[in-house]
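Q: here is a sequence with its predicted model. Questions after.
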Amino acid sequence: MRERHAPAGTPWRMAAALSGGGTTCWLDLEPARRHLAADDPRLAHSAALFRRPITTLDDVLARGLRVAALGAVVGPFVADPGRAGDPQDSDLLLDAAGLVFGRPVLAPPSLRDFYAFERHVATAWARRGGEIPEAWYRLPVFYFSNVSELRGPGEPVWAPAGSSELDYELEVAGLVDTPARDLDAATAEQAIGGFTILNDWSARDLQRDETTARLGPAKGKDFATSLGPWLVTPDELADVRRPGASGYDLGMTASVNGRETSRGCWADAHFSFGQMLARASADVTLRPGELVGSGTVGTGCLLEMREATLGRYLEPGDEVVLAIERLGELRSPIVRRPSS
């Protein structure tokens, strides 16, 4: 995040949500680290997190630390909320109203996007006059998206050249925060440091042409992917993990200009993130910072819901809001394609 009225070019920095008394403040992690180190100089010798400034999550992961390591800074303020001082004048606490949130991870090495929700897959195949292939039920399949065109909350999106059928896709993304290879599906989710909302934008007309060649997706997908607004660690969601379900029992919705156009549930996924990570890590090494997308939840795009809702694809002037319980809201304005 950074402050809303910060000078142009101000770098991003990390904050953690602190809730209490019905309000949420954001703990600025670098001042909090300095505060704790001043109180206990031994921390710099005993904990790697305290030896260098905390800047971005990308930097924390590059140092070989996991997301959970940040608990060494956040934990003391959760245990003793008064330690951060009065929210009105504390140099450690920030009001969300004055903040702009960026992508939780700024430069992920890769993004694998899966195809985990049966209802969405069935609808897509039915539109082509077919049924879900038997192989889909056995193999979590994915494609590599383009990490050079990532967007954060509030950043504009536009249809690529030659397209007039811009669509959103409502998904969950998991962040890998430790090197991993040949994972077992039963334990693979231990490699995830947190979850965030993902919008895997699609140009349906370009995608439709490309799929006839049975390769891709390519230009129908690689022009934009949005994620955010924040990262939620798995322990914060443990109480909504339905026994036997592949995902968490959390509602997922999409709206366009305030009108709900999609509604689904993460727990309806056919494949768990553990199964997806086992497939992704087979014979390859996953690196800290890599993202894994769930694929579109059932009803989670206009390809499925256009006729029943907007009657059209997205146009300049629209605002798309993806929301997942506990993960927040990811807002994206749709604009005209900038001139070259």
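A: That came through fine.
Q: which helix or strand contains residue 77?
A: helix 71-79 (DSSP states H and E).
Q: buried residues in that helix?
A: 72, 73, 74, 76, 77 (16 or more other C-beta atoms under 10 Å). Just so you know, the C-beta spots here come from the backbone N, C-alpha and C atoms, and that holds for glycine as well.
Q: repeat for stretch 76-89
A: Per 16+ other C-beta under 10 Å, stretch 76-89 contains these buried residues: 76, 77, 84, 87.
Q: among the residues you listed, which one lies nearest to residue 218?
A: residue 77 (46.2 Å; C-beta to C-beta).
Q: and the closest one, what does it touch?
A: 18, 27, 32, 83, 84, 92 (C-beta atoms under 8 Å, 6 or more residues apart in numbering).
Q: pick out the residue nearest the middle of this protein.
A: Residue closest to the average C-alpha location in the chain (C-alpha atoms, centre = their mean): residue 196, at 2.9 Å.
Q: residues in contact with that residue?
A: Contacts of residue 196 (C-beta under 8 Å, 6+ apart): 104, 172, 173, 175, 227, 228, 229, 230, 231, 232, 327.
Q: contact partners of stretch 51-70?
A: 11-14, 16, 29-30, 33, 44, 48-49, 73, 104-107, 175, 177-178, 193-194, 231, 233, 288-289.
Q: restricted to buried residues, select these in ChimeraX.
A: The buried residues among the contacts of stretch 51-70 can be selected in ChimeraX (16+ other C-beta under 10 Å) with this line:
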select :12,13,14,16,29,30,33,49,73,104,105,175,177,178,193,194,231,233,288,289
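Q: give me the three-state assignment for the residue nearest to the centre of the chain.
A: Here residue 196 is recorded as strand under DSSP: H, G, I helix; E, B strand; the rest coil.
Q: that older thread, need the buried residues of stretch 76-89 in a markdown table with distance to residue 200, can you?
A: Listed next are those as a markdown table, based on distance: C-beta to C-beta, whole Å:
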| residue | distance to residue 200 |
| --- | --- |
| 76 | 38 |
| 77 | 35 |
| 84 | 37 |
| 87 | 37 |
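Q: which pLDDT value goes with residue 90?
A: Residue 90 carries a pLDDT score of 86 in this model.
Q: excluding chain neighbours, what is closest to it?
A: Of all residues beyond its chain neighbours, the one nearest residue 90 is residue 84 (5.4 Å), with distances taken as C-beta to C-beta, 6 or more residues apart in numbering.
Q: need the buried residues of stretch 76-89 in TSV with pLDDT and distance to residue 258, can you?
A: Formatted as TSV, these follow (pLDDT from 0 to 100; distance: C-beta to C-beta, whole Å):
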residue	pLDDT	distance to residue 258
76	96	41
77	95	36
84	87	36
87	75	31
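Q: which of those lies closest to residue 120?
A: residue 77 (40.4 Å).
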